[in-house]
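Asker: what follows is a predicted structure for the sequence shown.
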Amino acid sequence: MEEITTLGGTKQKILEELLERPRVIYELSRKLDIRSNAVREHLNMLEAMGYVESKFVKTKVGRPKKTYYISSNGMKLFPKKYDLLLKILLDELTTENGVLWVKDFLKRAGERIVREDNTKSKDIGDLLNFYNSLGCMATAFEKDGNIVIKRNNCIYYSLALDTNNTFCGTFEDALLESMLPSYKVIKKDPVSKDKYDCEITLSKTES
């Protein structure tokens, strides 16, 4: 997933303005102090990339005006501190209810996220699609007759370090068991302070 800072200064400012509210070209031109033609070019590129949407909106006077909106994919470009919020919640839950309760809670959460997933079949491809929908940049390959799931962008990285991988070891285990009941985890190579990717080795169980 691309990040907002990689798009360039002008496109970033346009998305920031659209994040506040939908706008037409002349509003962006005036706000950013650049020519309307330049704004239009940036908007066309952002729309082609899927970060901006547009439609004609009726006004009280004159013809409908083409209005630009930030898309759901555009919203995802902006950084969000989900891991910090989740860490605080887990810390508070641990203080109130204890470690065992939190582990059971994470196990139930892992099982529930699979139940609420709309995918009917559950296989390695579905697991990769799930991870990549979260931004994990996951791939799979075969090694010694087993399947290795590698994630190059662990979205739980900070949380994993702060909880000594308790989060991954509970939530992830329940998710994997629910989504891939015909596999078992035989090895984990988790993230560490200087290692940002992780690997999970799965073995096909005998039916």
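Answerer: Sure thing, it's come through. Numbers count the residues shown, from 1 in each chain.
Asker: what is the helix or strand of the chain with the lowest mean pLDDT packed up against?
Answerer: Least confident helix or strand of the chain, by mean pLDDT, DSSP states H and E, is helix 166-167 with a mean of 73. Applying 3 or more CB pairs under 8 Å, 6 or more residues apart in numbering; DSSP states H and E, we find helix 166-167 packed against helix 99-115. In this view, the C-beta of every residue, glycine as well, is placed from N, C-alpha and C.
Asker: could I get stretch 67-82 in PDB with only the CA atoms?
Answerer: In PDB, the C-alpha atoms belonging to stretch 67-82 read as follows (Å, rounded to 0.1, in the frame of the first residue of the first chain):
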ATOM      1  CA  THR A  67     -17.000  17.900  -7.400                       C
ATOM      2  CA  TYR A  68     -14.100  15.800  -6.100                       C
ATOM      3  CA  TYR A  69     -14.100  13.500  -3.100                       C
ATOM      4  CA  ILE A  70     -11.500  11.400  -1.400                       C
ATOM      5  CA  SER A  71     -12.100   7.700  -1.900                       C
ATOM      6  CA  SER A  72     -11.900   5.000   0.700                       C
ATOM      7  CA  ASN A  73      -8.500   4.000  -0.700                       C
ATOM      8  CA  GLY A  74      -7.400   7.600  -0.400                       C
ATOM      9  CA  MET A  75      -8.400   7.600   3.200                       C
ATOM     10  CA  LYS A  76      -6.200   4.600   3.800                       C
ATOM     11  CA  LEU A  77      -3.100   6.600   2.700                       C
ATOM     12  CA  PHE A  78      -3.200   8.600   5.900                       C
ATOM     13  CA  PRO A  79      -1.300   7.100   8.800                       C
ATOM     14  CA  LYS A  80      -3.400   5.800  11.700                       C
ATOM     15  CA  LYS A  81      -2.100   4.800  15.100                       C
ATOM     16  CA  TYR A  82      -4.200   1.700  15.500                       C
END
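Asker: find the nearest non-adjacent residue to the residue nearest the centre of the chain, please.
Answerer: Closest residue to the average C-alpha location of the chain: Leu134 at 3.1 Å, with CA atoms, centre = their mean. Among residues not flanking Leu134 along the chain, Ile155 sits closest, at 5.4 Å (CB to CB, 6 or more residues apart in numbering).
Asker: that's all I had, so thanks and see you.
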